[in-house]
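Participant: sequence first, predicted model second:
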Amino acid sequence: MGIYDTIKERALAEGFSAMGVMRPDALPELPDRLATFVDAGRHGDMGWMAERMNWRGNPAALWPEAKSVIMLAEVYTPDHDPMEVVGQPDRGAISVYAQNRDYHDVVKKRLKRLGRWLIEEAARQGDTAEIKVFVDTAPVMEKPLAQAAGLGWQGKHTNLLSRDLGNWFFLGAIFTTLDLPVDEPGRENCGSCTACLDVCPTDAFPAPFQLDARRCISYLTIEHKGPVDEALRPLLGNRIYGCDDCLAVCPWNKFAATAREARYEARADLVAPELAQLAALDDAGFRAQFSGSPIKRIGRARFLRNVCYAMGNSGDPGHLPRLEALALDPDPVLADAAAWAVRMIDRARV
Ligand code: SF4
Ligand code: SF4
């Protein structure tokens, strides 16, 4: 068995769902694509996208000694319908990937294990391998790299999808000095489907294959630090951490396997948590509830900001006492969100 097949066999044994390999310089058009996105301001206030453009646009510049990039996919297909909670105004909708442990930790550990094995395997074959491991880190544009490595294609919703895996998967990358055989790039296969574009609550796609992050609920509820534009707040509905709508409607998911990784099985308390319970969390309560979860990274104030928007959108006067208390919170963005929610509920009552 050649080194490529040996690595693939090991990657699958480690729990990855698919593997592909590309050359670091296989995407000469990437710098222009990234520059167009950033020049149009579609990255919002994700300043790291603009700052590291020379690396992000050019994987070969990130580590010039690297000869191959091994791209790996790890499936987290939910075993429940993620859209069910979106219709329940007293509950909060949390993106599937965040309904359990922080996937960075899980995938990174697995990538490192595979990387260590690769170094040893190369040594056994009389070769020397150096590696660098990346998972959802600023310098690497994983989606176009994964397409170039044949793992699938970037769909009209801009996420990666494949015939075998659907679109619920995490991506990780191992850069290596080993000169490995490469895969054919993935070919776009969306056809005439527009399901993801049509379902988007905020109209965040200016055109197929293009996303304006400034209108995307995933960006607004996770990355965006300040107050959300008032015109967009009603469109958030009850989505309090991310949004899965465009992923959930993709027809290719019907071929996908559910998550093999037990750590990705949804925590029962995060599938459809009560807004009232979340709004009552103090700092210690927030940290305890979201220990080990990616939600912890945005902090209590930003999370409760999102909960307040959802409460405002529910129109439920039962939330008023808590919202009135939160309107006095020392965090100005949270206080503004709570005051807005009070106004929305009052307006719904007249
Ligand atoms: S995640 Fe939600 S808001 Fe963002 S593009 Fe997809 S459907 Fe639209
Ligand atoms: S929903 Fe349709 S258009 Fe969107 S990514 Fe999936 S196949 Fe492509």
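Facilitator: Received the coordinates, thanks. Ligands and ions are numbered 1, 2, ... in the order given.
Participant: hey, what's residue 210 bridged with?
Facilitator: Following DSSP bridges, residue 210 is listed with bridge partners residue 207.
Participant: so that it lines up with my notes, have the first residue be 47 from now on.
Facilitator: That works, and once the first residue is 47, the last one we named lands at residue 256.
Participant: near ligand 1, which residues of the chain show up?
Facilitator: Selection of the chain residues close to ligand 1 by CB under 6 Å from any ligand atom yields 203, 245-248, 250, 257, 262-264, 289, 291-292. From N, CA and C alone the C-beta is placed, and that goes for glycine too.
Participant: got a quick ChimeraX command for the buried subset of those?
Facilitator: Buried subset of these, written as a ChimeraX selection, criterion 16 or more other CB atoms under 10 Å:
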select :203,246,247,248,250,257,262,263,264,289,291,292
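Participant: how about the residue of the stretch 47-196 of the chain found nearest ligand 1: what's its closest non-neighbour residue?
Facilitator: Across the stretch 47-196 of the chain, no residue is closer to ligand 1 than residue 141, which sits at 8.2 Å (CB to the nearest ligand atom). In this structure, residue 141 finds its nearest non-sequential neighbour in residue 288, 2.7 Å apart by CB to CB, 6 or more residues apart in numbering.
Participant: pLDDT score for the one you found?
Facilitator: Listed pLDDT for residue 288 reads 98.
Participant: now the helices for the stretch 147-296 of the chain?
Facilitator: According to DSSP state H, counting those that start in this stretch, the stretch 147-296 of the chain carries its helices in the segments 149-170, 188-194, 241-245, 263-264, 291-294.
Participant: Serialize these to a markdown table and add fields for mean pLDDT and distance to ligand 2.
Facilitator: Formatted as a markdown table, the helices of the stretch 147-296 of the chain follow (pLDDT from 0 to 100; distance: least, CB to the nearest ligand atom, whole Å):
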| stretch | mean pLDDT | distance to ligand 2 |
| --- | --- | --- |
| helix 149-170 | 92 | 21 |
| helix 188-194 | 94 | 12 |
| helix 241-245 | 98 | 3 |
| helix 263-264 | 98 | 15 |
| helix 291-294 | 97 | 7 |
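Participant: and of those, who's closest to residue 214?
Facilitator: Counting by CB to CB, residue 214 lies closest to helix 291-294 out of the helices of the stretch 147-296 of the chain; the figure is 6.4 Å.
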